[in-house]
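1. compute the structure for the input listed below.
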Amino acid sequence: MSPDRMLVEVIIRITEISNDRKLGFQEKLNKILLEIVDCMQVNRGSIMLLKNRKTLEVMASTNPEIIGVKQRLEVDFPSSWVVKNKKPLYVDSSSPCSFLVRQFQHYKGDAFFLVPLISNDRVIGVVNVTNKIDSDFFNKEDRGILLSIMGNVIIALENHRLAESLKKQQKVLKKKNLELRKLEKLRTELFNMLIHDLKGPISEIVANLDILSYTAKDENIEFVESAQSGCNTLYNMVSNLLDIARLEEGKMPLIYEEIRPEELIKESIAGLLVSVKMKGLKFLEQLPDSDSLLVRCDRSMLTRVIQNLLTNAISYSPSGETITVGIRHDLKDIEFFVKDNGPGVPEQYKEVIFDKYMQIDKKSDGRVYSTGLGLAFCKAAVEAHGGTVGVESDGQKGSRFFFALPL
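-> The predicted structure is shown next:
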């Protein structure tokens, strides 16, 4: 077999060994060394790797007794010279070199050839061959073969290094993910506890304001009503936060009943008459003529959905405007909608305004498109019913928020 053909076959086998996932790192090094020894026709060979930048350790050898032997770089060994100079070293009986003094008794010949393993301009190890069969000499062609093989050995070592680095990173990420999950769980529990505890004091304020509204005189009733409206808004925000979390965790079962859809509209409007009156707005109802139409849903939850959409419309409608609330249906679906003449919603925001905690400010005209709580609750509640929610707007004036449920 020609030297070139032999070299190609050795490189192919080393590549196969490097890519064999069934082999451990030590097995790969041993098999690669055997390929090198066979190709170079020597009796002795070893692969040493640099440890802590100060020590070389024998990782693979034809002599199992020296595996694990360490050499410090400050000691005058041939391998130390190769690491420090980043160059191959060849010595034989004709070389006027101090390295001719044998460092190991098991080396019978004087000729040895050491090649550095260099990656990213850094020496990571040394390959050593000696005890050439039938001669004590490595010619230029022999040395060229070993140098040609080194690139594939380096690839094998770097693949292992990258694999080990990836494993370490995966372990670190796994640990951090577990820590983040614990922190997220703690944050969620603390958040839910605080929000839940807020409902008590707010309910007490609402109750006392309700009592105060019966005793307040004409000049003070406006302030009481304003305080009631603010407390109602705060109470709804707290309820939305709690219920969004429950819906997402599947801990808020729906209580279904069959109900006429116009009853949901009228109940929703009744709870917002004070807010409408204070802002000088009015409601316009567009309800179907059919009295036989029924929808199966959680009455309380959908009433809150409609009230959230109405509250949104009230907040962004100029004084004196009309808010239209109504129902449309066909044989498959029923659609509830709330239409206002507010600032409108730009196209790029029509999806994100239903996300939690999303608030979009358009500073050029002072518009605020969402509080990020009411609409997020609407989306979670409607999707729990198997429905869809959305908004139609030209982005300039007016919005039509809607949600559709299957009949």
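
2. from now on I want contacts and neighbour counts done on CA atoms only, so please keep to that.
-> Fine.

3. how far away is the closest residue to residue 308 other than its chain neighbours from residue 312?
-> Distances taken as C-alpha to C-alpha, 6 or more residues apart in numbering put residue 374 closest to residue 308, at 5.5 Å, once the chain neighbours are dropped. Distance, residue 374 to residue 312, by C-alpha to C-alpha, to the nearest Å: 8 Å.

4. tell me which residues are up against stretch 119-126.
-> 47-50, 56, 79, 82-83, 86, 114-118, 154, 158 (C-alpha atoms under 8 Å, 6 or more residues apart in numbering).

5. going through the residues you listed, which ones are buried?
-> Neighbour-count burial (16 or more other C-alpha atoms under 10 Å) applied to the contacts of stretch 119-126 gives 47-50, 56, 79, 82-83, 86, 114-118, 154.

6. give me the subset of the residues you listed lying in helices.
-> 79, 82, 83, 154 (DSSP state H).

7. as CSV, the residues you listed with pLDDT would be great.
-> Output for these, formatted as CSV (pLDDT from 0 to 100):
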residue, pLDDT
79, 90
82, 92
83, 91
154, 84
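
8. related to what we said a few turns ago, of residue 374 and residue 312, who's got more company?
-> Higher neighbour count among residue 374 and residue 312: residue 374, with 27 against 20, using other C-alpha atoms under 10 Å.

9. break this protein down into its domains, please.
-> 3-171, 181-248, 255-406 (automatic domain parsing).

10. all the helices of the protein, residue numbers only.
-> Ranges of helices within the chain are 3-19, 25-40, 78-85, 140-215, 218-249, 261-270, 273-279, 299-316, 374-384, based on DSSP H.

11. can you name the farthest residue from the center of this protein?
-> In the chain, residue 94 marks the outermost C-alpha relative to the chain mean, sitting 63.4 Å out by C-alpha atoms, centre = their mean.

12. relative to residue 57, how far out is that residue?
-> 29 Å.

13. equivalent analysis for residue 320, please.
-> 86 Å.

14. of those two, who's got more company?
-> Of the pair residue 320 and residue 57, residue 57 is the one with more neighbours under other C-alpha under 10 Å, namely 19 against 11.

15. which residues touch the more buried one?
-> Residue 57 touches 48, 49, 50, 51, 67, 68, 69, 70, 71, counting by C-alpha under 8 Å, 6+ apart.

16. ditto for residue 203
-> Taking C-alpha under 8 Å, 6+ apart as the test, what residue 203 contacts is residue 235.
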